Structure formats: C-alpha cells, structure tokens
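Q: Make a model of this:
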Amino acid sequence: MTGMNAIASTHLVIADDHPMFRDALRQAVASVVASVRIDEAGSFEELTALLGSDSDVDMVLLDLSMPGISGFSGLIYLRAQYPAIPVVIVSASDDLATIRGSLEFGASGFIPKRFGVETLRDALVKVMAGDVWIPPDVDLAASADPEMTRLRDRLVTLTPQQVRVLMMLSEGLLNKQIAYELGVSEATIKAHVSAILQKLGVESRTQAVIAAAKISGGQWRTGDVASR
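A: As a prediction, the model looks like this:
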C-alpha cells in the first residue's frame, strides 16, 4: 500500500455500465492510491470519447459486457488503439476460457466481480505495480483449444478501425450504416470488410462474425448478418 501512495498522480478510467459497481471500484482505487484522478464511462462510446479527448491514462478498468461491446471486442479495440494503456478486466464472467482469453488479448489482469473489496484492493496494488493479477484459484496451465488460439492470433492482427467494423458487423449493420457511423465512405468499409475476411481466413462476413463469436464464447451477436 505504501508503494502505491508514493505515486504522485494517477489517472484511471472505470468503464462499467452499473453506477453502483463503478462507485465501489472508485472507493477501492481511492483507498490504495493517494493522489488519483478517476473518470467514469457507462458505455463503450463514452469510453472511446473520453480516451479520444485525453489518452494520458495510466489504466482502464473494463467490464467485458457493457453497451457498445460484447465479448472481447472492447479489449481488442483498446489494445490496438491504445497499446500503451494497461487494461484490467473486471467482470462477472470469470470462467477459465474468459480469463485466459482476456490475458491472451492483452489484459494486464482479471478481477472477478464476485470478490470483495479487500481482494479488489490487493489486485489493484499488484497491477498498478506492473504485475499481472488473476484469481489465485485459476490454473492457466490447463490445455488451450488450438482452434481458439489460431483465431485469437488472427484477430489481434486487425487494426483498430477493422475491429470497430467487425463489432458493427456483429450487430448486423449494413455497410452504409457502418460508413455513416464511422464518418467514412461505403467503399472504405467494403475495403475494411475485405481485409477482415482475409486476415481471419474466412470467405464471408457471416463467417467472420461467427469466428468472432467463437472467440468470445458466443457473446458477439450473429443474428441478421447472413442477409447483409
């Protein structure tokens, strides 16, 4: 704890759609960091807007399931767009596959929401010191699925914009809708989709979304994509 208090000033962002849990996290952070600035985001859109205006952030505490993201999509985007900012996952989904996937996609730690404040504090101290923290009862040495590993290796080659396009494809949006949302031409979106298919080694946007859904435990929606 004393090492943490020696830090002059720390800027953290808490990204979670539950105000009560954000408040609990805020209190836990304040108890282990003497001088801290904490910003909050209740959706992924709020988070990206916040980071877009000020990316001088020491850490993002990210919920895997909040408006605008599902599965690992938000984590993949943040690691691609802001590789210098450590991301710690704080999630209610704490099965082995989710924890392993979070770390393989670049998270600096994984804190289950089921844990109490004391464990949360201990975890924050470790990750702020540069260590990786996962639940002590988790064995990451258990064998990984080779197919999942290959898919993860392909997904991390996507650029930040391609990740955003894939996220929107997963929501069933048309190319023209994605172009409007991102403020680019439809031709640009078509080029992104082609690059995504090539990088993921699939032949259709439906297969791309299914691949993404496999990676995140089926949490990326696959409905309404085939007709797009």
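
Q: which element is Ile89 on?
A: Element membership of Ile89 [criterion: DSSP states H and E] is strand 87-91.

Q: Which elements pack onto that strand?
A: With contacts taken as 3 or more CB pairs under 8 Å, 6 or more residues apart in numbering; DSSP states H and E, strand 87-91 sits against strand 59-62, helix 73-81, helix 96-104, strand 109-112, helix 117-128. Placement of C-beta: from N, CA and C, glycine included.

Q: 6 Å instead?
A: Contact partners of strand 87-91 among helices and strands, from 3 or more CB pairs under 6 Å, 6 or more residues apart in numbering; DSSP states H and E: strand 59-62, strand 109-112.

Q: Just the mean pLDDT for the first one, thanks.
A: This points to strand 59-62. If you average the pLDDT over strand 59-62, you get 93.

Q: who's in contact with it?
A: Outside of strand 59-62, the residues that reach it under the criterion CB atoms under 6 Å, 6 or more residues apart in numbering are Leu12, Val13, Ile14, Ala15, Leu25, Ile85, Pro86, Val87, Val88, Ile89, Val90.

Q: Can you report how many residues lie near the first one?
A: So the one you mean is Leu12. Residues within reach of Leu12, counting by other CB atoms under 10 Å, total 22.

Q: OK, contacts around it?
A: For Leu12, the residues meeting the contact criterion (CB under 6 Å, 6+ apart) are Val29, Ile38, Met59.

Q: Which strand residues bridge the last one?
A: Okay, so that is Met59. Each beta-bridge partner of Met59 is listed here, defined by DSSP bridges: Leu12.

Q: For Glu104, see how far away it is.
A: From Met59 over to Glu104 the distance is 19 Å, taken as CB to CB, to the nearest Å.

Q: repeat for the first one
A: Remark: distance between Val29 and Glu104 (CB to CB) = 26 Å.

Q: between those two, who's got more neighbours?
A: Between Val29 and Glu104, counted using other CB under 10 Å, the more crowded position is Val29 (21 against 18).

Q: just to revisit the earlier point, dump the helices and strands packed on strand 87-91 into JSON lines; add mean neighbour count and distance to Glu186 as well.
A: What follows is those, written out as JSON lines (neighbours: other CB atoms under 10 Å; distance: least, CB to CB, whole Å):
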{"stretch": "strand 59-62", "mean neighbour count": "24", "distance to Glu186": "31"}
{"stretch": "strand 109-112", "mean neighbour count": "24", "distance to Glu186": "38"}
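
Q: And the ones you listed: which comes nearest Ala213?
A: Put simply, out of the helices and strands packed on strand 87-91 the one that sits nearest Ala213 is strand 59-62, at 19.4 Å, with distance taken as CB to CB.

Q: So what's the residue count around Glu147?
A: The tally of other residues near Glu147 (other CB under 10 Å) stands at 11.

Q: In terms of helices and strands, where is it?
A: Under the criterion of DSSP H and E, Glu147 resides in helix 146-155.

Q: Show me the contact partners of the helix or strand that that helix is followed by.
A: For helix 146-155, the succeeding helix or strand toward the C-terminus, using DSSP H and E, is helix 160-170. Contacts made with helix 160-170 from outside it, assessed by CB under 6 Å, 6+ apart, are listed as 73, 76-77, 80-81, 178, 192, 196, 205, 209, 212, 220-221.

Q: Repeat that for stretch 30-50.
A: 1, 4-5, 9-15, 17, 22, 26, 29, 67-69, 74, 121, 124-125.

Q: Buried residues of stretch 87-104, list them for me.
A: Within stretch 87-104, the residues that qualify as buried are 87-91, 93-94, 98-104, counting by 16 or more other CB atoms under 10 Å.
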